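K.L.:
sharing a model prediction with you, sequence too.
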Amino acid sequence: QAGENLTLWPGFILLGFSDVPELQPTIFTIFFSLYVFMVLGNLTMVLLIRADPQLHTPMYFFLSHLSLVDFCLSSAISPKALETFLLGRSHISFWGCFAQMYLYLALLISESFLLGVMAYDRYVAVCKPLLYVTIMSRARCCSLMVLVYTMGFLSSLMHAVLAGRLSFCQARNIKHFFCELPTLLQLSCSDTRTNETLQAAHAALNIMSSFLMILLSYTHILHTILQIPLARGRLKAFSTCTSHLIAVTVFYAPGVVAYLQPRQGWDEAKLLSTSYTILTPSLNPLIYSLRNKEVKEALRRVLGRKLGLH
């Protein structure tokens, strides 16, 4: 019956990359390898920062939350996506689909604001080093994280509630590997103009506000660095920001393209979705640990204690 509400249907069918079925086993292998790497990398960062007292600083406090958000974001999507790639298609219930969509949106928005907060932390460290401990107190850091999660989880609730009121008629096949909001809007037989307008406005607002925070922070950082007379001093000051700058680039590059493109071209959107559901969460631990002496030394200390080495 036309206009029949979604709740009367048992769920949806995720098709993944069904237009190229011969590639799905290869996609499964790559996706699974990246997921294992992501789990090991992010959980190691969280546990290491928690276990080593010398990493109990604001920068690593925020980094542990970035690793936690990345782990949760990827884990909300990847297991079902892997089933889809392995079997060629998979069933997902109504509540499972909307829970996946809500968690994905909430964690993605949380990560964008967390990157903004981390930029502010670098600004205070470089521009106001003598006041750093006072400004970035434990209470301030915790308050900022509460704000980050509140922004992510409350603002996403609006999209989930509005999407839950849509009708889907006979359409059940989702040409994607997870329940992303734009694909659900495309599938609906209801008038989705309100949803689409809110989605575009909300995406633009989130991107602009978090990116503006990052831009302002790094404008002040660059101004401060250019006032340092010695080249070595400039390099040392800037080196504390390089990992964060790379993480920001990796996060925003695919996200901006995917969420600001028109309704057409969902094949490209699927490829871009792959980057910020599995690639970015896999790369962040690598970005922050590869050239970070503090992380490497902390790993040696923790392993030394666990193995009884001195």
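P.N.:
Structure received. Residues are numbered from 1 along each chain as shown.
K.L.:
am I right that Asn131 is in contact with Val124?
P.N.:
In this structure residue 131 is Leu, not Asn. Yes: contact criterion Cβ atoms under 8 Å: Leu131 and Val124 qualify, at 7.3 Å. For the C-beta atoms, the positions are set from N, CA and C on the backbone; glycine is no exception.
K.L.:
the two: who's more crowded?
P.N.:
Per other Cβ atoms under 10 Å, whichever of Leu131 and Val124 has more neighbours is Val124, with 20 against 10.
K.L.:
next, give phi and psi for the more buried one.
P.N.:
phi -60, psi -40 (degrees, to the nearest 10).
K.L.:
isn't it right next to Ser137, touching?
P.N.:
No: with contact defined as Cβ under 8 Å, Val124 does not count as touching Ser137 (11.1 Å).
K.L.:
now do the helices in the stretch 201-310 of the chain.
P.N.:
Along the stretch 201-310 of the chain, the stretches classed as helices by DSSP state H, counting those that start in this stretch are 231-239, 242-259, 266-274, 280-289, 293-307.
K.L.:
please identify the most buried of these.
P.N.:
helix 280-289 (a mean of 22; mean count of other Cβ atoms under 10 Å).
K.L.:
list the helices and strands that helix packs on?
P.N.:
Applying 3 or more Cβ pairs under 8 Å, 6 or more residues apart in numbering; DSSP states H and E, one finds that helix 280-289 contacts helix 24-51, helix 58-87, helix 242-259, helix 293-307.
K.L.:
in a markdown table, list these along with distance to Ala200 and mean pLDDT.
P.N.:
Output for those, formatted as a markdown table (distance: least, Cβ to Cβ, whole Å; pLDDT from 0 to 100):
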| stretch | distance to Ala200 | mean pLDDT |
| --- | --- | --- |
| helix 24-51 | 29 | 93 |
| helix 58-87 | 22 | 94 |
| helix 242-259 | 8 | 80 |
| helix 293-307 | 39 | 80 |
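K.L.:
among these, which is nearest Val117?
P.N.:
Checking these against Val117 by Cβ to Cβ gives helix 58-87 as the closest, at 6.2 Å.
K.L.:
so how far is that closest one from its chain's centroid?
P.N.:
Distance of helix 58-87 from its chain centroid, counting by Cα atoms, centre = their mean, to the nearest Å, is 8 Å.
K.L.:
what's the angle between that helix and helix 24-51?
P.N.:
Following axes from the mean of the first three to the mean of the last three Cα atoms, to 10 degrees, one obtains 160 degrees for the angle between helix 58-87 and helix 24-51.
K.L.:
re the thing from before, can you add distance to Phe94 and give the helices and strands packed on helix 280-289 back as a markdown table?
P.N.:
Shown next, in a markdown table, are those (distance: least, Cβ to Cβ, whole Å):
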| stretch | distance to Phe94 |
| --- | --- |
| helix 24-51 | 25 |
| helix 58-87 | 14 |
| helix 242-259 | 24 |
| helix 293-307 | 42 |
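K.L.:
of those helices, which approaches Trp95 most closely?
P.N.:
Nearest to Trp95, of all the helices and strands packed on helix 280-289, is helix 58-87, at 13.1 Å by Cβ to Cβ.
K.L.:
helices or strands next to the following helix or strand past the closest one in the packing?
P.N.:
Next helix or strand after helix 58-87 toward the C-terminus (DSSP states H and E): strand 90-93. Here strand 90-93 touches strand 11-14, helix 58-87, going by 3+ Cβ pairs under 8 Å, 6+ apart.
K.L.:
contacting residues for the nearest residue to Ala160 once chain neighbours are set aside?
P.N.:
Among residues not flanking Ala160 along the chain, Tyr102 sits closest, at 4.2 Å (Cβ to Cβ, 6 or more residues apart in numbering). By Cβ atoms under 8 Å, 6 or more residues apart in numbering, the residues touching Tyr102 are 156-157, 159-160.
K.L.:
let's see which of those end up in helices.
P.N.:
Mapping those onto helices (DSSP state H) picks out 156-157, 159-160.
K.L.:
hang on, the earlier thing: out of the contacts of Tyr102, who's nearest Ile92?
P.N.:
Taking Cβ to Cβ as the measure, Ile92 sits nearest to Ala160 out of the contacts of Tyr102, at 15.0 Å.
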